[in-house]
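In: Sequence below, structure please.
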Amino acid sequence: MPAHTSPISPAGNHAGSHATIGARLLQAPFERGQDPRTPARAVERHRTVRRTVVHVPPGGGTTRAAIGESGTRSRMRAEPGVTLGTAGRFAVLAGASVVNTGATVITGDLGVTPGAIVTGFPPGSVSGTIHVDDAVAVQAQTDFTTAYDDVAFRTPTATVSTDLGATTLTPGIYTSVSGTFSNTGNLTLDAEGDPDAIFIFQTVSTLLTAGASTVTLTGGAQARNVFWQVGTSATLGAGSTLSGTILALASITVGAGVVIDGRTLARDGTVTLDTDIITRQVGTLSISAPESVDLGSARAGGQGVSARLGPVTVIDERYDPDAAWIVTVSSTPFTTGAATPSQTIASSFIVYAPGTATATTGDATFTPGTPGDLGSPRVAFSASDGTGENSATWNPMITVTLPAGVRVGNYTATITHSVA
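Out: Numbering: from 1, shown residues only. A predicted model of the protein is given here:
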């Protein structure tokens, strides 16, 4: 279960009079944590710790503290990810037909539309569902077109040789002088340590790979982040291997014994298979939150403090046909570091109100949890009835009430968001 923990320090009013309590003001951070889940589709994936500090000034005076974020650690993709929508659940998708020979093994869904021809299953096998000109296939082709246009119209970052064999490339958007790509040897894609790095290959016409040619991923590169945009048709030589998603306008012919870590998606034509292995990549479910926040301060005996925690975001890239997730939030008590009752604000004095989503993607139903105290873990947000990718962002309100008898000081706590 991915979780994200943030330090949070609320500045709050401590009920009770402690005018004689030490003249020294101690500041305490309050952390809230969140844990990200296996690889996601976040265009931005951060692991952030939010710190909320509550300042209790001495002598009944009021000390103002800034409310905001600090120290956010995040990884931003140099190139935005590619959204496949419901097409992402398919390992094979065609416009006219899918024709198979031999014991092809497909992990993921198989679909065709507007055509209605699927042959060769069995002996071929499909781990997912076969969709023949149904509503799911129609939507997948619609989402395919959106993704194809996105990839095709991105600005290239480099023009390279038509033959990609015996070359090593780093993340980027590649085109060739000839408008086609081939691979007669081994192509190495090096993500340079960034698992979110995007590789896009744009062709005006064809993609051709020689028999026994290979694609090697290194430096954290992920097949789910490699895209082959093909203006006409793709042909993969017998015994070759390929990583990534092929988005072809016409047809895709996969030679005998080819292994594809990715997808073969064709808009208009036929996908032809022959004793192949095609494995659709499964993305991740991840969660992120700001690193720290200072809720401010208030005098003893005054009111509690409230502030927005900052954006909490869940990104679901699992391409699940029944996409759903639940975020649970919990908190440690606020404390100055001492374990005495007078220097502790129990979690039950912390109220979490998620509010409505500030941004969403996908077709899931997003539901905020009921506001309430964090004396025990509670639901912060949830998604249900979705298909394919989705995401949601919300900005929860944190309210800390200061109990009677709390001493002057700076109090910190940790709030943790977990998604499953």
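
In: Only C-alpha atoms from now on, for both contacts and neighbour counts.
Out: Fine.

In: Please name the residues that touch Gly372.
Out: Shown in contact with Gly372 (C-alpha atoms under 8 Å, 6 or more residues apart in numbering): 351-353.

In: Of these - the most surrounded one?
Out: Within the contacts of Gly372, most neighbours by other C-alpha atoms under 10 Å means Tyr352, with 26 neighbours.

In: Skipping adjacent residues, who's closest to that one in space?
Out: Ile398 (5.1 Å; C-alpha to C-alpha, 6 or more residues apart in numbering).

In: again with Ile345
Out: Phe334 (4.8 Å).

In: Would you check that the one you found makes contact with Asn410?
Out: No - contact criterion C-alpha atoms under 8 Å: Phe334 and Asn410 do not qualify, at 9.1 Å.

In: Looking at these two, which has the bigger crowd around it?
Out: Higher neighbour count among Phe334 and Asn410: Phe334, with 29 against 26, using other C-alpha under 10 Å.

In: so how far is Ala420 from the more buried one?
Out: 26 Å (C-alpha to C-alpha, to the nearest Å).

In: Pairing partners for the host helix or strand of Ala91, with directions?
Out: Using DSSP states H and E, Ala91 maps to strand 90-94. Here strand 90-94 is paired, per DSSP bridges, with strand 109-112 (parallel), strand 259-266 (parallel).

In: what about Gly211, is that helix, strand or coil?
Out: State at Gly211, reduced to three classes by DSSP: H, G, I helix; E, B strand; the rest coil: coil.

In: For it, grab the count of nearby residues.
Out: 19.

In: if I look at it, how far off is Gly179?
Out: With C-alpha to C-alpha as the criterion, Gly211 and Gly179 are 21 Å apart.

In: Could you tell me whether Phe227 really is in a strand?
Out: Yes - the assignment for Phe227 is a strand, going by three-state DSSP.

In: Just list whatever residues bridge to it.
Out: Bridge pairing for Phe227 - DSSP bridges - gives Ile200, Thr245.

In: doesn't Thr203 make contact with it?
Out: No - between Phe227 and Thr203 there is no contact, the gap being 11.1 Å when judged by C-alpha under 8 Å.

In: Turn the strands paired with strand 90-94 into TSV, including distance to Phe144, mean neighbour count and mean pLDDT.
Out: Putting those into TSV (distance: least, C-alpha to C-alpha, whole Å; neighbours: other C-alpha atoms under 10 Å; pLDDT from 0 to 100) gives the following:
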stretch	distance to Phe144	mean neighbour count	mean pLDDT
strand 109-112	12	27	98
strand 259-266	8	27	98
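
In: Ala91: which of these is closest?
Out: For Ala91, the closest of the strands paired with strand 90-94 is strand 259-266, at 4.5 Å, according to C-alpha to C-alpha.

In: ok, then the element right after that closest one?
Out: With DSSP H and E, the next secondary element past strand 259-266 is strand 270-274.

In: which other helices and strands contact that next one?
Out: For strand 270-274, the packing partners by 3 or more C-alpha pairs under 8 Å, 6 or more residues apart in numbering; DSSP states H and E come out as strand 90-94, strand 97-101, strand 252-254.

In: List the buried residues of it.
Out: For strand 270-274, burial by neighbour count (16 or more other C-alpha atoms under 10 Å) applies to 270-274.

In: Kindly report the same for stretch 359-373.
Out: 360, 362-364, 366-369, 371-373.

In: In strands only, show me those residues.
Out: Within those, residues falling in strands by DSSP state E are 360, 366-368, 372-373.

In: which one among those gets closest to Phe199?
Out: Among these, and counting by C-alpha to C-alpha, the member closest to Phe199 is Thr360, at 25.7 Å.

In: how much space between that closest one and Ala392?
Out: Thr360 is 4 Å from Ala392, by C-alpha to C-alpha.

In: Show me where this protein has its helices.
Out: Using DSSP state H, the helices of the chain run over 135-152.

In: Where does pLDDT dip in it?
Out: Scanning the chain for pLDDT under 70 picks out the ranges 1-78, 298-302.

In: and the spatially closest residue to Leu208 that is not a sequence neighbour, how many neighbours?
Out: Spatial nearest neighbour of Leu208, chain neighbours left out: Ser182 (4.6 Å); criterion: C-alpha to C-alpha, 6+ apart. As a burial measure, Ser182 scores 19 neighbours (other C-alpha under 10 Å).

In: Could you give the bridge partners of Ser182?
Out: Asp163, Leu208.

In: Verify the stated contact: it with Asp163.
Out: Yes - using C-alpha under 8 Å, Ser182 is in contact with Asp163, at 4.7 Å.

In: Was I right to think Thr401 contacts Tyr352?
Out: No - using C-alpha under 8 Å, Thr401 is not in contact with Tyr352, being 11.8 Å away.

In: Of the contacts of Gly372, which is the nearest to Val98?
Out: For the contacts of Gly372, the nearest to Val98 is Ala353 (50.3 Å; C-alpha to C-alpha).

In: Okay, the closest one and Ile326: tell me how far apart.
Out: Ala353 sits at a distance of 16 Å from Ile326 (criterion: C-alpha to C-alpha).

In: Next: Pro371.
Out: For Pro371 relative to Ile326 (C-alpha to C-alpha), the value is 15 Å.

In: Next: Thr332.
Out: As judged by C-alpha to C-alpha, Thr332 and Ile326 stand 20 Å apart.

In: Comparing these two, which residue is more hemmed in?
Out: Thr332 (22 against 19).
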